[in-house]
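Q: Okay, here's the prediction I keep looking at, along with the sequence it came from:
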Amino acid sequence: MPSAEATDIYLTALAILLTLVYLLGIAFRPRRKVLGMGIDSLLVLILYAVGTAGLFAISRT
């Protein structure tokens, strides 16, 4: 792990966060729908978009 780059650590943290949101969605099964999807799926979509933008920001440094 000493040779891990900043982007590797960022992507690992993002993957853990997205997995956690999906696990919570499975555990609690929200009934409310937003734009035809569950709140957990909408949150994952938003986190993925923000995470991708953050990856571009990190890779430029």
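A: Noted; the coordinates are in hand. If you're wondering where the values come from, they're calculated on a predicted model, not measured in any experiment.

Q: When you work out contacts or count neighbours from here on, use the C-alpha atoms and nothing else.
A: Will do.

Q: Chain neighbours aside, what residue packs nearest to the residue positioned nearest the centre of the chain?
A: With distances taken as CA atoms, centre = their mean, the residue of the chain nearest its centroid is residue 18 (3.5 Å). Once flanking residues are discounted, residue 18 sits nearest to residue 44: 6.0 Å by CA to CA, 6 or more residues apart in numbering.

Q: give the contact list for the one you found.
A: 18, 21-22 (CA atoms under 8 Å, 6 or more residues apart in numbering).

Q: how about residue 2, secondary structure?
A: Here residue 2 is recorded as coil under DSSP: H, G, I helix; E, B strand; the rest coil.

Q: quick one, phi psi at it?
A: Phi and psi for residue 2, reported as degrees, to the nearest 10, are phi -60, psi -20.

Q: roughly how far apart are it and residue 45?
A: Distance, residue 2 to residue 45, using CA to CA, to the nearest Å: 31 Å.

Q: same question, residue 28
A: Going from residue 28 to residue 45 by CA to CA gives 18 Å.

Q: Comparing the two, which residue is more hemmed in?
A: Taking neighbours as other CA atoms under 10 Å, residue 28 and residue 45 compare with residue 45 leading, 13 against 9.

Q: Which helix or which strand is home to the residue nearest to residue 18?
A: For residue 44, the host element (DSSP states H and E) is helix 39-59.

Q: for that helix, which positions count as buried?
A: Applying a neighbour-count criterion of 16 or more other CA atoms under 10 Å, the buried positions in helix 39-59 are 39-41, 44, 47-48, 51, 55.

Q: Just flag the most distant two among those residues.
A: Spatially, the most separated pair among the buried residues of helix 39-59 is 39 and 55, at 23.9 Å (CA to CA).

Q: For residue 6, give its distance to residue 20.
A: 21 Å.

Q: Kindly report the same for residue 31.
A: Distance of residue 31 to residue 20, given as CA to CA: 18 Å.

Q: Which neighbouring elements make contact with the longest helix anywhere in the chain?
A: Longest helix of the chain, by residue count under DSSP state H: helix 6-28. When contacts are defined as 3 or more CA pairs under 8 Å, 6 or more residues apart in numbering; DSSP states H and E, helix 6-28 packs onto helix 39-59.
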